[in-house]
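A.B. asks: Fold the following, please.
(2 chains)
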Amino acid sequence: GDSVTQMEGPVTLSEEAFLTINCTYTATGYPSLFWYVQYPGEGLQLLLKATKADDKGSNKGFEATYRKETTSFHLEKGSVQVSDSAVYFCALREYGNKLVFGAGTILRVKS
Amino acid sequence: SQTIHQWPATLVQPVGSPLSLECTVEGTSNPNLYWYRQAAGRGLQLLFYSVGIGQISSEVPQNLSASRPQDRQFILSSKKLLLSDSGFYLCASNPDGSSYEQYFGPGTRLTVT
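C.D. replies: Numbering: from 1, shown residues only, chains lettered A, B, ... in the order given. As a prediction, the model looks like this:
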């Protein structure tokens, strides 16, 4: 079946550092891809998405590009803030409108 | 835009007791609805999804059941809780079939003691 693999965390960065969280997937065809963010004690919020190859999703300074050749959707941000500390989930849409999530990556940003 | 409510926010229940978690959606009609469980320090596991009233699909065999008595109401239940049922339960809605985005409620923290 379809699957998503994320880099293990936690990732600890200083404020204003560059962020990359790796995400690769295994799927039949070309699924839509998503990044969700979960702040402590809360539900998940959609951060960005890409629906086809070479699409770039972006929101709040975060970006991710749908790379068909490497089956990847890495999340990047040029300058992280303490308020970005959260758990980040990569996900793909499976047949039947179901999402398959990665295990999540904890990001901790220190001031 | 839609809003997803979950009730209660937190719950502590003894082993063997029944469970009922409620999810209601506002601002959309005929959404696909989902129940996920997030165990401590782990990712999300899809438990159930529903494409309409009375239509429930189960993703994993377990001690839980789901029902959809109304278009925008999704209920997660158990007759007898197990310790392993502890976790963070999230309800999600997919209101737009073309974009496939899912929007999540605030979650219910369940601790089984």
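A.B. asks: tell me the phi and psi of A:S83?
C.D. replies: phi -70, psi -10 (degrees, to the nearest 10).
A.B. asks: and it, how many residues sit next to it?
C.D. replies: 10 (other Cβ atoms under 10 Å in any protein chain shown). The way it works is simple: take the backbone N, C-alpha and C, and place the C-beta from them, glycine included.
A.B. asks: Check B:T28 too.
C.D. replies: 17.
A.B. asks: Distance check, it against chain A.
C.D. replies: 14 Å (Cβ to the nearest Cβ, to the nearest Å).
A.B. asks: What parts of chain B come near chain A?
C.D. replies: Within chain B, the positions near chain A by Cβ under 8 Å from any Cβ of the partner chain are B:4, B:6, B:32, B:34, B:42-44, B:46, B:49, B:51, B:59, B:90, B:92, B:94, B:97, B:99-107, B:109.
A.B. asks: List only buried entries from those.
C.D. replies: B:4, B:6, B:32, B:34, B:43-44, B:46, B:49, B:51, B:90, B:92, B:94, B:100-107, B:109 (16 or more other Cβ atoms under 10 Å in any protein chain shown).
A.B. asks: So which of those sit within strands?
C.D. replies: B:4, B:6, B:32, B:34, B:44, B:46, B:49, B:51, B:90, B:92, B:94, B:103-104, B:109 (DSSP state E).
A.B. asks: Farthest-apart pair in the residues you listed, please.
C.D. replies: B:V51 and B:R109 (27.6 Å; Cβ to Cβ).
A.B. asks: Can you tell me what sits against the biggest strand by length in chain A?
C.D. replies: Using DSSP E, we find that the single longest strand of chain A is strand A:86-94. Contact with strand A:86-94 is made by A:1-2, A:4, A:6, A:21, A:23, A:25, A:27, A:31-40, A:44, A:47, A:73, A:75, A:99-102, A:104-107, B:43-44, B:100, as judged by Cβ atoms under 8 Å, 6 or more residues apart in numbering or on different chains.
A.B. asks: Next, count neighbours for A:G78.
C.D. replies: 11.
A.B. asks: A:E15 now?
C.D. replies: So A:E15, with other Cβ under 10 Å, has 13 neighbours.
A.B. asks: ok, the closest residue to it other than its chain neighbours to A:A86 distance?
C.D. replies: Once flanking residues are discounted, A:E15 sits nearest to A:S111: 5.2 Å by Cβ to Cβ, 6 or more residues apart in numbering or on different chains. Distance from A:S111 to A:A86, counting by Cβ to Cβ, to the nearest Å: 15 Å.
A.B. asks: which of those two has more neighbours?
C.D. replies: A:A86 (21 against 7).
A.B. asks: lowest-pLDDT helix or strand in chain A?
C.D. replies: Least confident element among the helices and strands of chain A, by mean pLDDT, DSSP states H and E: strand A:98-101 (a mean of 88).
A.B. asks: Who does residue 3 form a beta bridge with?
C.D. replies: Looking at chain A here, since you left the chain open. Note on A:S3: beta-bridge partners by DSSP bridges are A:T26.
A.B. asks: that's the wrong chain, I wanted chain B
C.D. replies: Residues in beta-bridge contact with B:T3 (DSSP bridges): B:E26.
A.B. asks: give me the number of residues near it?
C.D. replies: Quick note: B:T3 (other Cβ under 10 Å) scores 12 neighbours.
A.B. asks: which ones are touching it?
C.D. replies: Counting by Cβ under 8 Å, 6+ apart, B:T3 has contacts B:25-27.
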